[in-house]
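>>> What would the 3D arrangement of this be:
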Amino acid sequence: MTTSGKDLGRSAYDHLWMHFTRMSSYENSPVPTIVRGEGTYVWDDRGKRYLDGLAGLFVVQAGHGRAELAETAARQARELAFFPVWSYAHPRAVELAERLAHLAPGDLNKVFFTTGGGEAVETAWKLAKQYFKLTGKPTKHKVISRAVAYHGTPQGALSLTGLPAMKAPFEPLVPGAHKVPNTNLYRAPAHGDDPEAFGRWAADQIEQQILFEGPDTVAAVFLEPVQNAGGCFPPPPGYFQRVREICDRHDVLLVSDEVICAFGRLGTMFGCDKFGYVPDMITCAKGMTSGYSPIGACIVSDRLAEPFYRGSHAFLHGYTFGGHPVSAAVALANLDLFEREQLTQHVLDHEAAFLATLRRLHDLPIVGDVRGNGFFYGIELVKDKETKETFDAEETERVLYGFLSKALFDNGLYCRADDRGDPVVQLAPPLISDQSTFDEIEQILRATLTEAWAKL
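Numbering: from 1, shown residues only. The predicted model follows:
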């Protein structure tokens, strides 16, 4: 309830069209309404506390309630609240672009700002198309991404997304987006007992797709360092090195989609750093400001930017709020905080303990696999551990949506129960989390998953 006594939950149902939400679910029940956050916890409008096991939405790296980030936003708004970066610059955008260029690997020195991750992905595909037109290869326009992967909601990013049910309502989409197998070792169709061989096989599927489509038609490959949808698929050993070789061999750009994996989620500033590869572009957003103000970016290599810096050429693309002064200022303060508190090192120091804590859940009959990297994990749920049999549609609806999502929240844990692919529970707490956080997550999951098993 608000101070005026108004029912926020009722008003939310009446007027706030929530994203990716079955609105009918709240016709006769209150909409959960979060009003405050501090550290790794949030509170609802009735005063109940929840552990934020998803960092908002893979966003709140530095934790909730960071007054210095809010104060930075206020100072910048008083000085310069808004000015576009359309043929003009302002100090914070310049400073942040330089900072990101220094942090990014290789020659990724040019930063094109957006307001979010989907826009960053859209930017990368459009840039790849125009780049090849400017360099005399106009037929290179197709893109390759992985099955079950999620890359965003704009028309191009959605075309890259490998989730048919998510795309069906909006088809026809942008043509030329093709899919290859992902790196889910738990359900590997080949070499499931040999991660390196599986990695070679999965990478080689990309080359086969390039050859099938014709190298003279393929512009880029979009890959997340750890694939989110489907439940946190890390790359097998050597996978990205082989992909990099394949892309170089066929003059195909490698885009590292790091909307989730950048800014410490895996224990490095960029996910590609964790796995030792240098892409041609990095798309990023979420954790850049720890969520205190929206911003995204496509970080581009000097090689790709070069044709746009000559003659009358321009990248015919932009966003009103890209590089927003307030967001850029908050991002700079957030990166200062990262350095001062050594947040990336904190993740590296504690990732093994987090994984070990979650792996305690393997003794539950419903837990098939625990996987991920850094502070980013997925727990795949199964009906039979021996055969890896998954839920059918009715069981998914009844157990995952009808019980588990609400029960986890009611038991004090905000996380994601998801069936984009096989049923999983996803966890990505703020980067300030420690063993007490991991233990609390495990205890709530244990009790709730035990109850879920009884309902199968």
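
>>> alpha carbons only for contacts and neighbour counts from here, please
Fine.

>>> Tell me how far the nearest residue to Pro234 once chain neighbours are set aside lies from Tyr277.
The shortest distance from Pro234 to any non-neighbouring residue, by CA to CA, 6 or more residues apart in numbering, is to Val226 (4.5 Å). Here Val226 is placed at a distance of 13 Å from Tyr277 (CA to CA, to the nearest Å).

>>> got the contact list for the residue nearest to Pro234?
232-235, 261, 271, 372-373 (CA atoms under 8 Å, 6 or more residues apart in numbering).

>>> redo that, cut-off 6 Å
The neighbourhood of Val226, defined by CA atoms under 6 Å, 6 or more residues apart in numbering, consists of 232-234.

>>> doesn't Leu332 make contact with Thr289?
No: at 7.8 Å, Thr289 does not count as touching Leu332 under the criterion of CA atoms under 6 Å.

>>> and these two? which has more neighbours close in?
Thr289 (26 against 22; other CA atoms under 10 Å).

>>> so what pLDDT did the closest residue in space to the more buried one that isn't next to it in sequence get?
Distance criterion CA to CA, 6+ apart; nearest residue to Thr289, sequence neighbours excluded, is Ala331 at 4.3 Å. Note for Ala331: predicted pLDDT of 98.

>>> Could you export the helix or strand Ala331 falls within as CSV, CA atoms only?
Element membership for Ala331 (DSSP states H and E) is helix 325-341. Output of helix 325-341 as CSV, limited to C-alpha atoms (Å, rounded to 0.1, in the frame of the first residue of the first chain):
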residue,chain,number,x,y,z
PRO,A,325,24.3,12.1,-19.7
VAL,A,326,22.7,10.8,-16.5
SER,A,327,23.2,7.1,-17.4
ALA,A,328,26.7,7.7,-18.6
ALA,A,329,27.6,9.4,-15.3
VAL,A,330,26.1,6.6,-13.3
ALA,A,331,28.0,4.0,-15.4
LEU,A,332,31.3,5.8,-14.7
ALA,A,333,30.5,5.8,-11.0
ASN,A,334,29.6,2.2,-11.1
LEU,A,335,32.9,1.2,-12.8
ASP,A,336,34.7,3.2,-10.1
LEU,A,337,32.8,1.2,-7.5
PHE,A,338,33.8,-2.0,-9.2
GLU,A,339,37.5,-1.1,-9.0
ARG,A,340,37.4,0.2,-5.4
GLU,A,341,35.6,-2.9,-4.1
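
>>> Can you tell me what sits against the helix or strand following that helix?
Downstream of helix 325-341, the first helix or strand assigned by DSSP H and E is helix 343-359. Contacting residues not belonging to helix 343-359 are listed as 264, 267-268, 374, 438 [CA under 6 Å, 6+ apart].

>>> and the residues you listed as CSV, adding neighbour count and pLDDT?
CSV is the format used below for the contacts of helix 343-359 (neighbours: other CA atoms under 10 Å; pLDDT from 0 to 100):
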residue, neighbour count, pLDDT
Gly264, 27, 98
Gly267, 26, 98
Thr268, 20, 98
Gly374, 26, 98
Phe438, 19, 98
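
>>> hang on, Gly230 in a helix?
No: using DSSP: H, G, I helix; E, B strand; the rest coil, the assignment for Gly230 is coil, not a helix.

>>> residues in contact with it?
Gly230 touches 420-421, counting by CA under 6 Å, 6+ apart.

>>> any idea of the pLDDT on it?
The predicted local confidence for Gly230 is 94.

>>> how near is it to Asn373?
14 Å.

>>> again, but for Ser29
36 Å.

>>> So between these two, which is more surrounded?
Just comparing Ser29 and Asn373: by other CA under 10 Å the higher neighbour count belongs to Asn373, 26 against 11.

>>> That one pairs with what?
Counting by DSSP bridges, Asn373 is bridged to Phe376.

>>> Can you give me the pLDDT of it?
Predicted confidence (pLDDT) for Asn373: 98.

>>> center of this structure, which residue is that?
Central residue of the chain (CA atoms, centre = their mean): Ile260, 2.8 Å from the mean position.

>>> so which helix or strand takes in it?
Applying DSSP H and E, one finds Ile260 in no helix or strand.

>>> Got the phi and psi for it?
When read as degrees, to the nearest 10, the backbone of Ile260 gives phi -100, psi -40.

>>> do the same with Val424
Torsion angles, degrees, to the nearest 10, at Val424: phi -140, psi 160.

>>> how close does His324 get to Val370?
The gap separating His324 from Val370 is 39 Å, by CA to CA.

>>> Who has more neighbours out of the two?
Using other CA under 10 Å as the criterion, His324 and Val370 rank with His324 on top: 26 against 23.

>>> Read off the pLDDT value for the closest residue to that one other than its chain neighbours.
Nearest non-adjacent residue to His324, counting by CA to CA, 6+ apart: Phe82, 6.3 Å away. Note on Phe82: pLDDT of 98.

>>> ok, now Lys6?
For Lys6, the model assigns a pLDDT of 65.

>>> ok, now Thr3?
Reported pLDDT for Thr3: 43.

>>> residue boundaries of the strands in the stretch 151-300 of the chain?
Taking DSSP state E, counting those that start in this stretch, the strands of the stretch 151-300 of the chain run over residues 177-180, 218-223, 253-257, 281-284, 296-301.

>>> other SSEs contacting the second one?
Counting contacts by 3 or more CA pairs under 6 Å, 6 or more residues apart in numbering; DSSP states H and E, strand 218-223 packs against strand 142-146, strand 253-257.

>>> CA-only coordinates of that strand in CSV, if you can.
Output in CSV follows, covering the C-alpha atoms of strand 218-223 (Å, rounded to 0.1, in the frame of the first residue of the first chain):
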residue,chain,number,x,y,z
VAL,A,218,27.1,-14.7,-44.1
ALA,A,219,27.9,-11.5,-42.2
ALA,A,220,28.1,-12.4,-38.5
VAL,A,221,27.8,-15.0,-35.8
PHE,A,222,26.1,-13.9,-32.5
LEU,A,223,27.1,-15.9,-29.4
